[in-house]
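*Asks:* Any chance you can model this:
(2 chains, ligands or ions: 1)
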Amino acid sequence: MNDNSMDRRTFCLDMGRLVGGLAVLSSAPWLHGCTEESIAGIGKEVARIGMIGVGSRGQYHMHNLQGIPHARIVALCDTYPVNLEAAHALCPDAKTYSDYRALLEDPEIDGVVISTPLYNHAVITLDAMAAGKHVFCEKSMALTMDECKSVYDAYMASDRVLFYGMQRMYDPKYIEGVQRIREGLIGDVVGMRCHWFRNADWRRPVPSPELEQSINWRLYRAYSGGLMTELATHQLEVCNWVAGKVPVECVGMGDIVYWKDGREVYDSVNVTYRYSDGRKICYESLISNKYNGLEEQVLGKKGTADLSKSFYYLEDDNEISGMRHLMDDIRKGVFAAVPSAGPSWRPEYKGEYVPHQLASEVLGVNAGQSMVSAMHDGSDLAMSAFCTSCINGERAANIVEEAYSSTMLCLLGNQAMDEGRLVRFPEEYKIPYLKF
Amino acid sequence: MEGSVEYIEQGSVLHGSATGLMGTRLDLLVCRLPREKEQALWERLTALARRLDAVFNRFNPDSELSALNEGYISEDQTGPELTEALALAESYRERTGGLFDITAPGRFLNGPRYDFGGFAKGYFVRLAQEILLAEGVGSAYLDFGGSTILGIGNHPAGPAWRVSLLSPRTGIRLAEVELSGRTLSTSGNTVRYSGHVVDPRTGERNCRPVLTTALSADPLEAEVLSTAAMSAGPEDLEALRRAFPQTDINHYEI
Ligand SMILES: NC(=O)c1ccc[n+]([C@@H]2O[C@H](COP(=O)([O-])OP(=O)(O)OC[C@H]3O[C@@H](n4cnc5c(N)ncnc54)[C@H](O)[C@@H]3O)[C@@H](O)[C@H]2O)c1
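*Replies:* Numbers count the residues shown, from 1 in each chain, chains lettered A, B, ... in the order given. Sure, this is the predicted structure:
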């Protein structure tokens, strides 16, 4: 940790170098906290941070925080001594707690980072805000719709800063990608397809059987919304960001197809969301086959953008792939046959499209990154923005609302799958921010 | 029409590309000439394609062909290109024993009387070839809709232009051909467009998964014969080959 102002600038987005420049701030207004002015405005002040939940994600955030010049970790809390000790070893100067309420009483803490299982996100967030702390909570927002609404209402009634761990919103790759889509790169957006495939059981080793549920909390419904709240939430947020609105209804099917090991959450989910204008998000996640990987595809009339890979493909391109080969060969001075599959009557099998870079190669983040920020998935920038907000008290626009809407969509998806019916976004949970 | 041009300094290679010409895409590579001259040739060819589009495009209600098909003009009122094309088509009908016929019944339900699909692209490429050769082009590659490909001279890094013909169904290589002063035309049926070629003798649509090719120094002949070969049985194919010994005609089950 040091407070050299050069290092602080590592954590600002260089708007001038982002595709879209300052226009980005209108489609992603939460980024105000990452501008050079914001960072300069906090001077040499430091945010004093308490960590609640220091398992794998909590420790990851600690690494990030330790690289942020305007952050200092002052307290750690976990109910599981093994994790608390591991975290303490990373940060020996911090005080340790086993009860977060005791941590919240510490007046020397400005903000807390909550990285506990989903089931207690809401209660800890509410308690922390009530105790006057600023909060960064991991996604998703909460396990139930009621809890989401309570957190949202409490946030609206308070002046505290609240962030959610939705790092794509701070990832230059996504910021630029969404901006270019909004500028018309792929024509009118006509639909979205997102999926997350893995081939693994999603389990963690358990040292003793009575710890099964607290360690493998993801697999049990009392603690977790399964694949939807753990994975889909990120991707659905991106869809809403791109569309500028929220779907009105969904249908889905969820099953335990392969991992019949006593878990309660689905290992296979398919949910289709429909916007009021008929556009759809086709969502799929399966954890016993990883062929399709993780993708967020935005389908446009003129092309397709894959935000996760940061490529886009134009509808016309696959018709000319032979010419593309030929030109590439000529550029390289190579002589080879030009592949041709004949006229326009090629079959409707998926074509070979030419990938084009979606985000600029210089990702708009100032150079001189630490090890952590070199990872560039936005988590470090988001955390830095949170610390900036802890100091200047400025809220980041839309983050809570985006977390609310994406979490609500996950919970609606789970409901649709559990009940086997079409579920509409309930009136009582519509907040003013949401456009349908 | 939407178009773009890219240029490679090394070897002076200009690549023009345009969509929306005669219902498809035109790509032209011209090499080894001064850049301005290459650019001017590209513009000349796109202008030609636009002009022929206005003549032959049956999907364009304002085309001359539509006027003829709708009966607004008669055969003796057509302009020079359409007049020539009608005569050429008639002579190919005779020489192919009726396998190629732009008036084929059953091509369309209540359809037009003439359809220059399987002709017009070859006709364009023939005119384009004449222009390129007259302007002293020694190295060029022209791809019209993927189905009519002309090579003049050689590839900047090789002795000829070479095309690898892939099965549109499987992607497997069916043949490799050298194009230096020749045009490769392909015609075929696949899942999406099956039935687009009609046997003029029976009016039946050909739905078999077949790909035909014709390789000829005359782009129009290549185009006409790849179309004709779609309706050809084994004996017809032999007859076609005898009637057009200069053209290499092939028929692939795909
Ligand atoms: N944004 C992301 O990409 C991302 C990635 C991974 C995890 N996460 C989120 O982070 C959160 C934690 O996930 P994880 O993988 O670190 O889980 P984990 O099980 O490794 O860690 C959770 C920790 O919270 C502790 N804990 C539980 N209840 C507590 C309480 N009342 N007080 C204090 N500590 C408590 C547990 O003992 C454990 O150490 C989840 O919400 C998860 O969705 C987000």
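
*Asks:* pLDDT value on residue 19, please?
*Replies:* Reading this off chain A. You'll see A:Val19 listed with a pLDDT of 73.

*Asks:* actually it's chain B I care about, not the one you picked
*Replies:* Reading off the model, B:Thr19 has pLDDT 84.

*Asks:* Find the centremost residue of chain A, please.
*Replies:* Ranked by distance to the mean C-alpha position of chain A (CA atoms, centre = their mean), the top residue is A:Met166 at 3.1 Å.

*Asks:* got the contact list for that residue?
*Replies:* A:Lys139, A:Thr233, A:His234, A:Glu237, A:Ala382, A:Ile399, A:Glu402, A:Ala403, A:Ser406 (CB atoms under 8 Å, 6 or more residues apart in numbering or on different chains). Placement of C-beta: from N, CA and C, glycine included.

*Asks:* dump the residue contacts of the third one.
*Replies:* Counting by CB under 8 Å, 6+ apart, A:His234 touches A:Lys139, A:Met166, A:Gln167, A:Arg168, A:Ser406.

*Asks:* Nearest to B:Tyr123, out of the residues you listed: which one, please.
*Replies:* Of all those, B:Tyr123 sits closest to A:Arg168, with 53.2 Å by CB to CB.

*Asks:* Run through the chain and note the low-pLDDT ranges.
*Replies:* All of this is about chain A. A:1-6, A:317-321, A:342-352, A:361-375 (pLDDT under 70).

*Asks:* Can you look at chain B instead?
*Replies:* Looking along chain B with the criterion set at pLDDT under 70, you get B:104-112, B:189-200, B:203-208.

*Asks:* related to what we said a few turns ago, who wins on neighbours among the contacts of A:His234?
*Replies:* Using other CB atoms under 10 Å in any protein chain shown as the neighbour criterion, A:Ser406 leads the contacts of A:His234 with 28 neighbours.

*Asks:* Excluding sequence neighbours, find me the nearest residue to it.
*Replies:* Excluding the flanking residues, the one nearest A:Ser406 by CB to CB, 6 or more residues apart in numbering or on different chains is A:Glu237, at 3.8 Å.

*Asks:* Can you say which helix or strand has the one you found in it?
*Replies:* Element membership for A:Glu237 (DSSP states H and E) is helix A:233-243.

*Asks:* For that helix, list the C-alpha coordinates in CSV.
*Replies:* Output of helix A:233-243 as CSV, limited to C-alpha atoms (Å, rounded to 0.1, in the frame of the first residue of the first chain):
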residue,chain,number,x,y,z
THR,A,233,-27.0,-12.9,-12.5
HIS,A,234,-23.9,-11.4,-14.1
GLN,A,235,-25.1,-12.2,-17.6
LEU,A,236,-28.7,-11.1,-17.1
GLU,A,237,-27.3,-7.8,-15.8
VAL,A,238,-25.4,-7.4,-19.1
CYS,A,239,-28.6,-8.1,-21.1
ASN,A,240,-30.4,-5.4,-19.2
TRP,A,241,-27.6,-3.0,-19.7
VAL,A,242,-27.6,-3.6,-23.4
ALA,A,243,-31.4,-3.5,-23.8
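
*Asks:* and the next element down the chain from it?
*Replies:* strand A:249-255.

*Asks:* mind checking how far the closest residue to A:Glu428 other than its chain neighbours is from chain B?
*Replies:* With sequence-adjacent residues excluded and distances taken as CB to CB, 6+ apart, A:Glu428 is closest to A:Lys149, at 7.9 Å. To chain B, A:Lys149 is 49 Å away according to CB to the nearest CB, to the nearest Å.

*Asks:* List the backbone torsions phi and psi for A:Lys149.
*Replies:* Backbone geometry at A:Lys149, expressed as degrees, to the nearest 10, gives phi -60, psi -40.

*Asks:* And for the residue nearest to A:Met323 when sequence neighbours are not counted, the neighbour number?
*Replies:* Residue nearest to A:Met323 in three dimensions, not counting chain neighbours: B:Asp27, with 4.8 Å by CB to CB, 6+ apart. Counted by other CB under 10 Å, the residues lying close to B:Asp27 total 23.

*Asks:* next structured bit after the helix or strand where B:Asp27 lies?
*Replies:* Secondary-structure element containing B:Asp27, defined by DSSP H and E: strand B:24-31. Once the chain leaves strand B:24-31, the next helix or strand it forms, by DSSP H and E, is helix B:35-56.

*Asks:* Now do the buried residues in that next one.
*Replies:* For helix B:35-56, the neighbour count (16 or more other CB atoms under 10 Å in any protein chain shown) marks B:38-39, B:41-42, B:45-46, B:48-49, B:52-56 as buried.

*Asks:* would TSV of these with distance to A:Ile175 be doable?
*Replies:* Below are those laid out as TSV (distance: CB to CB, whole Å):
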residue	distance to A:Ile175
B:Glu38	41
B:Gln39	39
B:Leu41	44
B:Trp42	38
B:Leu45	42
B:Thr46	39
B:Leu48	46
B:Ala49	42
B:Leu52	47
B:Asp53	43
B:Ala54	46
B:Val55	50
B:Phe56	48
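
*Asks:* circling back to that earlier point, partners of the residue nearest to A:Met323 in the sheet?
*Replies:* Per DSSP bridges, the residues bridged to B:Asp27 are B:Ser17, B:Asp143.

*Asks:* Would you check how far apart it and the ligand are?
*Replies:* Between B:Asp27 and the ligand the distance is 45 Å, computed by CB to the nearest ligand atom, to the nearest Å.
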